[in-house]
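*Asks:* below are the sequence and a predicted model; questions follow.
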Amino acid sequence: MSKSRWFFLLAAGGLLLGLLLLFALSKATPYEETLEHGPAPEVRSNPYLAAERFLIDQGRAVDHAQGLGGLAKSKSNQQVLLLLGERSNMTPGQTERLLRWVDQGGHLVFVAERIWDENSGSSGDLLLDALNLQQHEAGENLDDSHTADAAANAEKRPALTRLYLENEDAPAYLAFDTNYHLYDAGGSAHAWANSASATHMLQLRRGNGLITALTDSWIWRNDAIAQYDHAWLLWYLTQDRDVTLIYRTEHDDLLQRLLRYFPEALAALLLILLATLWHVAQRQGPLMEPTERNRRQLREHLRGSADFLYRRAGQRQLLINLQNDIRRQTQRRHPGFETLGHVEQCQVLEAISRTSSGAVSQAMQPPSNKPVSATEFTRQVAHLQSLRNSL
């Protein structure tokens with residue numbers, strides 16, 4: 001085939017391929033698709049990340065405190081401390097230092113954790129008990145007047161919590177959990193926010209500072225802060241002050257961190273430990289030092305075999321084996337010996353071995369089932385060996 005024909009075929013193939021590509025492009029329709037990969041790792045690790053970013057955008061300086069160990073020790077009294085983490089490990093000393101910090105001008109915002117126990121007269125929440133505040137389940141342990149007012153206005157008032165401010169025409173709406181109610185048992189609160197049948201925020205002054213108690217802080221989590229007036233309330237409580245946030249009071253111990261970051265190494269260490277235990281468990285009895293080869297003589301083998309038979313078979317079986325050996329030796333010299341009775345066998349042995357009848361009867365009597373002393377056993381074996389040697 002000539003070169004011109006090859007060139008023509010290649011050009012035709014290229015043209016056909018180009019036409020096919022143009023046709024495919026004319027039929028293709030562009031579209032956009034959004035793939036949801038879930039929240040970023042920093043969002044999963046910090047449920048209040050959106051609240052932090054909001055405060056930073058408002059010009060606040062946001063800091064984090066790690067745990068309750070150094071709580072309020074180095075915090076300025078011109079700060080707002082958002083104590084949103086779990087406080088079950090909070091000590092009375094930490095509570096006293098924190099309230100002393102508030103007396104000096106700090107603003108504490110915290111979440112009530114425990115339900116008031118009428119039997120014990122306390123809730124177990126050190127902050128609530130120190131401030132004479134009580135948390136109840138909504139509809140329980142409320143004043144009769146408050147319950148009657150809530151029932152009369154339940155249809156008129158929404159399920160959202162309303163916060164009324166002075167010189168403001170409209171209230172702020174907040175989606176607190178309406179299953180809980182805060183009760184000011186000491187009557188020291190000067191501001192509060194109510195839903196249809198419960199109070200969800202109480203604010204009271206203490207010394208030169210301010211304390212705000214909430215039934216929950218879910219309104220400031222990443223998935224809820226943009227709803228209603230949640231972000232506004234955070235701005236209102238922290239205005240003109242820097243913010244310190246504590247949302248996690250417990251940290252992973254060493255074992256939890258090893259399980260999280262080095263599971264393969266722990267698995268390998270566990271396998272090594274199991275293999276070591278298996279190897280050690282193969283031992284049966286005490287270890288014995290290996291003897292030198294030049295000491296392994298026939299006498300030692302015989303002594304070892306005898307010790308083994310003595311431990312395994314016992315005294316009675318060894319004596320029976322010696323008596324059977326004597327009977328086999330006598331059978332070769334006196335055919336029909338095995339058919340005789342015990343008395344006749346003793347008489348034949350006495351005649352062949354030229355041994356007294358008493359010695360033969362004592363040697364050939366059936367051994368006792370009970371073990372005897374080493375001296376008695378040695379004596380019986382000696383009698384049997386003497387009788388066998390005399391055949």
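*Replies:* Good, I have the coordinates.
*Asks:* wait, what's in contact with the one residue sitting closest to the centre of the chain?
*Replies:* The residue lying closest to the centre of the chain (Cα atoms, centre = their mean) is residue 256, at 7.7 Å. By Cβ atoms under 8 Å, 6 or more residues apart in numbering, the contact list for residue 256 is empty. Placement of C-beta: from N, CA and C, glycine included.
*Asks:* so which strand or helix has residue 34?
*Replies:* For residue 34, there is no host helix or strand (DSSP states H and E).
*Asks:* likewise residue 193?
*Replies:* Going by DSSP H and E, residue 193 is part of strand 189-194.
*Asks:* any idea of the mean pLDDT in that strand?
*Replies:* In this model, strand 189-194 has a mean pLDDT of 83.
*Asks:* so where does residue 236 fall, helix or strand?
*Replies:* With DSSP H and E as criterion, residue 236 is part of helix 230-238.
*Asks:* need the next SSE after that helix, C-terminal direction.
*Replies:* strand 242-246.
*Asks:* quick one: mean pLDDT for the helix or strand just after that next one?
*Replies:* Next in sequence after strand 242-246, counting helices and strands by DSSP H and E, comes helix 254-261. Average pLDDT, helix 254-261: 76.
*Asks:* again, but for stretch 82-100
*Replies:* 82.
*Asks:* may I see the buried residues of it?
*Replies:* For stretch 82-100, burial by neighbour count (16 or more other Cβ atoms under 10 Å) applies to 82-85, 87, 90, 94-95, 98-99.
*Asks:* start to end distance for that stretch?
*Replies:* 16 Å (Cα to Cα, to the nearest Å).
*Asks:* how much space separates the residue nearest to the centre of the chain from residue 111?
*Replies:* Plainly put, residue 256 is 25 Å away from residue 111 if you go by Cβ to Cβ, to the nearest Å.
*Asks:* next SSE after the helix or strand where residue 80 lies?
*Replies:* For residue 80, the host element (DSSP H and E) is strand 79-83. Tracing the chain C-terminally past strand 79-83 and defining elements by DSSP H and E, one meets helix 92-103 next.
*Asks:* average model confidence for stretch 201-214?
*Replies:* Mean pLDDT, stretch 201-214: 87.
*Asks:* again but with stretch 265-281, I slipped
*Replies:* Here the average pLDDT along stretch 265-281 is 86.
*Asks:* and that stretch, how far from the chain's centre?
*Replies:* Stretch 265-281 has its average C-alpha position 20 Å from the chain's average C-alpha position, going by Cα atoms, centre = their mean, to the nearest Å.
*Asks:* contacting residues around it?
*Replies:* 258-259.
*Asks:* ok, and for that stretch, which residues are buried?
*Replies:* Buried residues in stretch 265-281 (16+ other Cβ under 10 Å): none.
*Asks:* the strand holding residue 193 vs helix 230-238, what angle?
*Replies:* Here the directions of strand 189-194 and helix 230-238 differ by 180 degrees (axes from the mean of the first three to the mean of the last three Cα atoms, to 10 degrees).
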